[in-house]
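Colleague: Return atomic coordinates for the entry below.
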Amino acid sequence: MSAKKTQLVLIAGALLLFVLLFIAPKIAPKHSEDDGHGHSSPQSKINENANLNVYVSMALKNLEPSQKTKVENLIATKKTDSVSVFWDKMKRPDLASVYAEQQAVTTNKAQDWFKAGNRYYYSVQFTQDKTEVPILYQCAIRCFSKGLQLDPGNTDAKIMRASCYVEGTADPMQGITLLKAIEKTDSNNVKLQLNFAFFSVKSGQLDKAIVRFNKVLAIDSNYIEAYLHLADSYEQQGKTDKTIEVLQKYCSKTNDATAKLEITKYIQQLRK
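Modeller: Next up is the predicted model:
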């Protein structure tokens, strides 16, 4: 990441962090939005039995005796919500996801399956053990799929599952194909367009990313995070005038006085 890009991201503060952590996918740059043949590659195999049992066991062994006794009692009494809260407090959202899924197994409600899927997906960004990452994506796909069996029309869950395929499997084009299928019936979905935009950025297709970010703003001009990413895409292309223009639009939209001040300073730097 360039110094200018780093500065721009820091300026955005918590607002941009929200996008990066909870919306933007971490897509490998070696793949493109189009496979060049108009079709997807064969479907990836998903391990339905993927689990974090080994990681749970290791974490339990490393707990202080009093903490271990507490959580084991909660597990024994099947207080899955409380176990999830415990692991959240221990800064282990990955393990909290396990018990969110157990809760979904008990209730078998679509919203609980989606909640578990989201927990697995977002915990990828916080795990320090990279060997765990593929398993988290497999678990997330399983949860989203089970939820979609109960609520097949849930577009957000479809997008999240597709993102898991793109980010966490050997066949990212399967995920892109799923996203394109959603676009045929819901092209004005902001989350969908953002996924395409971030994918294009990561794969170096900045022209496509710009089209997608502009699509987001056409759908919702108050979705101000998109202005920052659009500005960064223009800056990566060396289009300073367009970068400044978009940042000025961001300033006109944001109510964050600090962000507005810092962006204004950054624009002044760009003009030098």
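Colleague: where does the stretch 1-150 of the chain have low pLDDT?
Modeller: For the stretch 1-150 of the chain, applying pLDDT under 70 flags the ranges 1-45.
Colleague: Do a quick rundown of the helices in it.
Modeller: When secondary structure is read from DSSP state H, counting those that start in this stretch, the stretch 1-150 of the chain shows helices at 3-22, 53-61, 65-76, 80-89, 93-107, 110-123, 133-150.
Colleague: and of those, who's closest to I244?
Modeller: Minimum separation from I244 across the helices of the stretch 1-150 of the chain (CB to CB) falls at helix 3-22, 12.0 Å. All C-beta spots, glycine's among them, are computed from the backbone N, C-alpha and C.
Colleague: can you put the helices of the stretch 1-150 of the chain in a markdown table and add distance to I219 and mean neighbour count?
Modeller: Compiled in a markdown table, the helices of the stretch 1-150 of the chain are given as follows (distance: least, CB to CB, whole Å; neighbours: other CB atoms under 10 Å):
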| stretch | distance to I219 | mean neighbour count |
| --- | --- | --- |
| helix 3-22 | 15 | 15 |
| helix 53-61 | 39 | 13 |
| helix 65-76 | 44 | 13 |
| helix 80-89 | 33 | 18 |
| helix 93-107 | 30 | 21 |
| helix 110-123 | 22 | 23 |
| helix 133-150 | 24 | 22 |
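Colleague: Dump the ones you listed into a markdown table; add distance to A209 as well.
Modeller: Formatted as a markdown table, the entries for these read as follows, by distance: least, CB to CB, whole Å:
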| stretch | distance to A209 |
| --- | --- |
| helix 3-22 | 14 |
| helix 53-61 | 35 |
| helix 65-76 | 44 |
| helix 80-89 | 34 |
| helix 93-107 | 29 |
| helix 110-123 | 22 |
| helix 133-150 | 23 |
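Colleague: out of the ones you listed, which comes closest to K202?
Modeller: Of all the helices of the stretch 1-150 of the chain, helix 3-22 sits nearest to K202, with 12.2 Å by CB to CB.
Colleague: Could you chop this structure up by domain?
Modeller: 1-30+187-272, 47-168 (automatic domain parsing).
Colleague: CSV for those domains, including distance to G175?
Modeller: Output for the domains of the chain, formatted as CSV (distance: least, CB to CB, whole Å):
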stretch, distance to G175
domain 1-30+187-272, 9
domain 47-168, 3
